[in-house]
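Whatever this is, show me its structure:
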Amino acid sequence: MKIAILSRNPSLYSTRRLKEAAEARGHELHIFDVLRCYMNINDNKPSIHYKGQELEHFDAVIPRIGASVTFYGTAVLRQFEMMGCYTLNHSAAISRSRDKLRSLQVLSGHGVGMPITGFANKPDDVPDLIHMVGGAPLVIKLLEGTQGIGVVLAETRKAAESVLEAFMGLKANIMVQEFIEEAGGADIRCFVLGDKVIAAMKRQAQEGEFRSNLHRGGAAGLVRITPEERKTAVASAKAMGLQVAGVDLLRSKRGPLVMEVNSSPGLEGIEKATGKDVADLIIQHIEKHAHRKTRSRERG
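I've put the predicted structure just below:
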């Protein structure tokens with residue numbers, strides 16, 4: 001098969017591993033900087049050009065689109081979809097997952113457990129917003145933040161009010177979540193592929209830190225997840241419409257709670273923590289589903 005990866009940086013661990021895995025299985029793989037792709041949108045033969053050349057047909061596209069380029073990246077991915085390419089994750093599902101508030105509303109609509117979350121626009125509503133999520137301590141998140149940036153733990157009501165009013169004064173979009181103290185600064189990243197959790201790791205925050213992101217110094221290790229955690233992770237990815245997802249769970253007194261569903265989960269942490277060849281499993285998944293799409297198109 002001819003496979004394209006949309007990635008800003010060919011040297012990133014995840015991009016390199018996917019390229020190695022595809023080539024090891026006999027596929028032709030090309031890496032394209034999504035911001036250098038440009039589109040000819042028409043009613044006859046939509047196409048994508050790259051550095052002055054029109055791209056030929058690809059059997060499958062793997063989107064590794066960073067959060068900062070979501071709008072343009074998903075537009076390029078949509079163009080590939082219009083051209084009949086199989087895409088590992090659909091452009092609409094990526095857009096849905098990147099909007100933190102919308103994604104939580106989608107999960108809520110599917111009955112998936114999550115921390116109680118509040119969202120408001122005016123400082124006058126802050127007192128009731130704090131009460132709504134169970135009071136302090138609570139977590140305040142910027143909707144545009146990634147990798148733990150823009151996430152604040154407010155330990156007192158006064159601190160929460162001050163931070164919320166400051167963010168609102170800056171016209172920042174923020175949401176407020178209940179603090180799950182019993183999680184102990186740890187979360188579980190479940191790597192979902194299709195309808196299965198193929199790998200899972202526990203991420204533990206550093207001493208004195210409540211954010212467990214590996215980019216913030218968190219430590220990762222192998223973890224055995226429960227059937228309920230497995231079911232929650234798969235249901236979350238399905239609700240978002242994602243074939244590949246990193247679902248972050250907290251262990252709480254009332255069961256697993258979903259913090260976030262990541263549509264472009266990194267491979268380095270999960271492969272090193274679990275010893276699993278996640279990249280190879282992704283390529284196998286593409287082989288199965290891209291061929292199915294090709295056969296369906298041929299019959300049509």
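
For stretch 102-111, give me every contacting residue.
For stretch 102-111, the surrounding residues in contact (CB atoms under 8 Å, 6 or more residues apart in numbering) are R96, S97, M114, T117, M175, A235, S236, A239, M240, V258, E260, V261. The way it works is simple: take the backbone N, C-alpha and C, and place the C-beta from them, glycine included.

Between which two of these is the distance greatest?
Distance extremes for the contacts of stretch 102-111: the farthest pair is M175 and A235 at 21.6 Å, using CB to CB.

Quick check: A290 vs A219, distance?
36 Å (CB to CB, to the nearest Å).

Of the two, which one has the most company?
A290 (22 against 15; other CB atoms under 10 Å).

Quick check, the more buried one in contact with M1.
Yes - using CB atoms under 8 Å, A290 is in contact with M1, at 6.2 Å.

ranges for the strands of the stretch 101-250 of the chain?
For the stretch 101-250 of the chain, the strands defined by DSSP state E, counting those that start in this stretch occupy 117-118, 138-142, 151-154, 174-178, 186-193, 196-204, 219-222, 244-252.

lowest-confidence stretch among the ones you listed?
The minimum mean pLDDT among the strands of the stretch 101-250 of the chain belongs to strand 219-222 (a mean of 84).

What would that strand look like as CSV? C-alpha coordinates only.
In CSV, the C-alpha atoms belonging to strand 219-222 read as follows (Å, rounded to 0.1, in the frame of the first residue of the first chain):
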residue,chain,number,x,y,z
ALA,A,219,6.7,8.7,35.4
ALA,A,220,5.1,5.9,33.4
GLY,A,221,4.8,2.3,34.2
LEU,A,222,2.8,-0.8,33.2
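
who does it pair up with?
Strand 219-222 pairs in its sheet with strand 196-204 (antiparallel), by DSSP bridges.

For the partner strand, buried residues please.
Of all the residues in strand 196-204, those buried under the rule 16 or more other CB atoms under 10 Å are V197, I198, A199, A200, M201, K202, R203.

Next: stretch 144-161.
For stretch 144-161, by 16+ other CB under 10 Å, it's T146, G148, V151, V152, L153, A154, R157, A159, A160, E161.

now it, how far from the centre of its chain.
Distance, stretch centre to chain centre, for stretch 144-161: 20 Å (CA atoms, centre = their mean, to the nearest Å).

do stretch 33-48 as well
25 Å.

Find the residues that touch each one of A290 and M1.
Counting by CB under 8 Å, 6+ apart, the residues touching both A290 and M1 are D59, A60.

What is the burial count for K141?
By the criterion of other CB under 10 Å, K141 has 22 neighbours.

Might one say that it is in contact with V151?
Yes - at 5.1 Å, K141 counts as touching V151 under the criterion of CB under 8 Å.

thinking again about what came up before, and the two most separated of the buried residues of stretch 144-161?
T146 and R157, at 27.7 Å, using CB to CB across the buried residues of stretch 144-161.

I'd assumed A4 was in a helix, is it?
No - assessed with DSSP: H, G, I helix; E, B strand; the rest coil, A4 is strand; it does not lie in a helix.

and it, what is it in contact with?
L29, H30, I31, F32, L55, F58, A60, V61, I62, F80, C85.

Go again with 6 Å.
H30, F32, F58, V61 (CB atoms under 6 Å, 6 or more residues apart in numbering).

Could I have the PyMOL command that selects the buried members from these?
Selecting only the buried entries of the contacts of A4 in PyMOL, with 16+ other CB under 10 Å as the criterion:
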select buried, resi 32+58+61
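
just the contacts of A4 now: which is nearest N9?
F32 (11.7 Å).

Could you identify the most distant pair in the buried residues of strand 196-204?
Maximum distance among these (CB to CB): 17.2 Å, for I198 and R203.
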